[in-house]
Structures are given as structure tokens and as C-alpha cells.
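**Q** Quick one: sequence plus predicted model below, questions after.
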Amino acid sequence: MTGDEIDKAVRQELLSLPKTLAEDVAKNLVMVARLLDEDPEQAYGYAQVALRLASRVAAVREAAGFAAYAAAKYAEALKEFRAARRMTGSAELWPVMADCERGLGRPEKALAMAGEPEVGKLDRAGQVEMRLVAAGARRDMGQADAAVVTLQSPELASSAVHPWTARLRYAYADALLEVGRESDARDWFARALEADQAGTTDASDRLAELDGVQFTDALDEDEAAEDVAEESADEAAGAEDSGKGAEKAE
């Protein structure tokens, strides 16, 4: 790992730093990206190093925000996202900032953000993310029916598959299940599974659960069979010992 793996746009931002410093920051940001999903705490550690080295670079503040967000440090994540947004003027981080408000136990604030003018500046993917956050906020507030309505949109009705399609369909299925519409929920979990080429949801497990299907690990079955065989052998040995004891007694 050299740091050259960094995104071109981020590398461009790092050009404002001395070369050696830029290389060190790039290496830490690469590690953040690599570890974000599998080890959020370790990714957070690398992000903190990058932040100490280059806190005035927007990409660093954004990376630190996502690392804190993945580690469920929502107040810190929100602070970093706000800093990055001030530096860039972009509304791109608006949905994740709203989700941080949810994480902090302020769904009302997240819902209010869904109605702000910044949402109109988002691209289609960003608006879908904002809709997902708003629906989540509704559910946090105990408004399950409103969450179902919030998710109903042209993007949900579309048969086209985009990177966010599986998550949108899954969220809708989950919301339907919460309001007792099990049949509809099953249909949408199936649609989510069809669109989930990257395996980002557990739609297959949810479908199996609704169908009453239980999966048994093959290894567990083998171990169980071995246990039964051992118990049978022990019982046979015990019976043989008992027989010999009876013969001696005679």
C-alpha cells in the first residue's frame, strides 16, 4: 500500500500539502476505506491520524466523519460532516448528517432536515438516501404507517436497478412488515433480493424467515451425528461392562 490507491479527486485535494505529508495522509485514508466495513474501530483510528495531519482538507474531514459514523460515534461524525460541508459548500452529506441526528436520538431533527432546501440540491441517489433516512425517522417516532408512505416513490415503483434499489425495496418491505402487511412484505423482500447483486441486505434470510424455513449448518449436523455415535458406543460399552460385572457376581 503506497497511497496511490486513493481516489483521484481526493489526491487532487492533497496536492495542497507538502509531498511527504500528502503521502502519509493518503496512506491513512486508503486504510480507512479498506477497513470501514470490516473493522470500523480500526478505520476510525486511521482516520484520526489523517485528521491530525491534515484537518483543513475537506476529504479528510469527510473520511473522519464516515469512520466515526461507522463506529457509531454520531456526535463526532456530525461535527466532521458539518466541517466538510462548510469547506465544500456541497449538500452531498445532508442525508448522512440527518441519519446522525437519528443516531443521537433526535428523529424529529432528521425529519425536519428532510424538508430543507438542501434536499433539492441532491442528485437522485442522494434523494433516495434522504427518503430512507426520513422513513427511518418516522419509524423511530412510532409512525410506521407514515414510514410506508414516505418510501412510496417513482424510484420504488421503477423496474430499473440502481445501486440503491435493493436497499430501498428492503426498507419498504421491512416497513410493510411492521404494519402487519406480511404478504406484501414478502413480495418486496423478494424484489429486494432480485436487485441485491452485491449482497448488501439479508433479504434472503428475511424471506426464509417469513416462509418458515430453518437452515441447519452442515458442520453442526456432522457434529450431532458424531455425538449420537459416541453416545451409542458409550451405551454399548456400558452394557458390556454391566454384563461382565453380572458374570463375575455369579
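**A** That came in fine, so what should we check first?
**Q** thought Ala125 was touching Leu168?
**A** No - using CB atoms under 8 Å as the test, Ala125 is too far from Leu168 to be in contact (10.4 Å). Glycine gets a C-beta too; all of them are placed from N, C-alpha and C.
**Q** Between these two, which is the more surrounded one?
**A** Neighbour count, other CB atoms under 10 Å: between Ala125 and Leu168, Leu168 has more, with 24 against 14.
**Q** Which helix or strand contains the more buried one?
**A** helix 165-178 (DSSP states H and E).
**Q** mean confidence score for that helix?
**A** What helix 165-178 shows for mean pLDDT is 98.
**Q** Pull out the buried residues from it.
**A** 165-177 (16 or more other CB atoms under 10 Å).
**Q** same thing with stretch 78-91?
**A** Neighbour counts over stretch 78-91 (16+ other CB under 10 Å) mark Leu78, Lys79, Glu80, Phe81, Ala83, Ala84, Arg85, Met87, Ala91 as buried.
**Q** quick one, helices of this structure?
**A** Along the chain, counting by DSSP state H, helices occupy 8-14, 19-35, 40-53, 58-70, 74-88, 94-103, 107-113, 124-140, 144-151, 154-157, 165-178, 182-195, 203-210, 218-249.
**Q** Among these, show the one with the smallest mean pLDDT.
**A** Among these, helix 218-249 scores lowest, at a mean of 55.
**Q** coming back round to it: of the buried residues of stretch 78-91, which is the nearest to Glu62?
**A** Distance to Glu62 across those (CB to CB) is lowest for Ala84, with 4.2 Å.
**Q** wouldn't that closest one be in contact with Arg56 here?
**A** No - Ala84 lies out of contact with Arg56 (CB under 8 Å); the separation is 11.0 Å.
**Q** quick one, what contacts the closest residue to Glu118 other than its chain neighbours?
**A** Closest residue in space to Glu118, ignoring its immediate chain neighbours: Ala91 at 4.2 Å, by CB to CB, 6 or more residues apart in numbering. Contact analysis of Ala91 by CB atoms under 8 Å, 6 or more residues apart in numbering lists Arg85, Glu118, Val119, Lys121, Leu122, Gly126.
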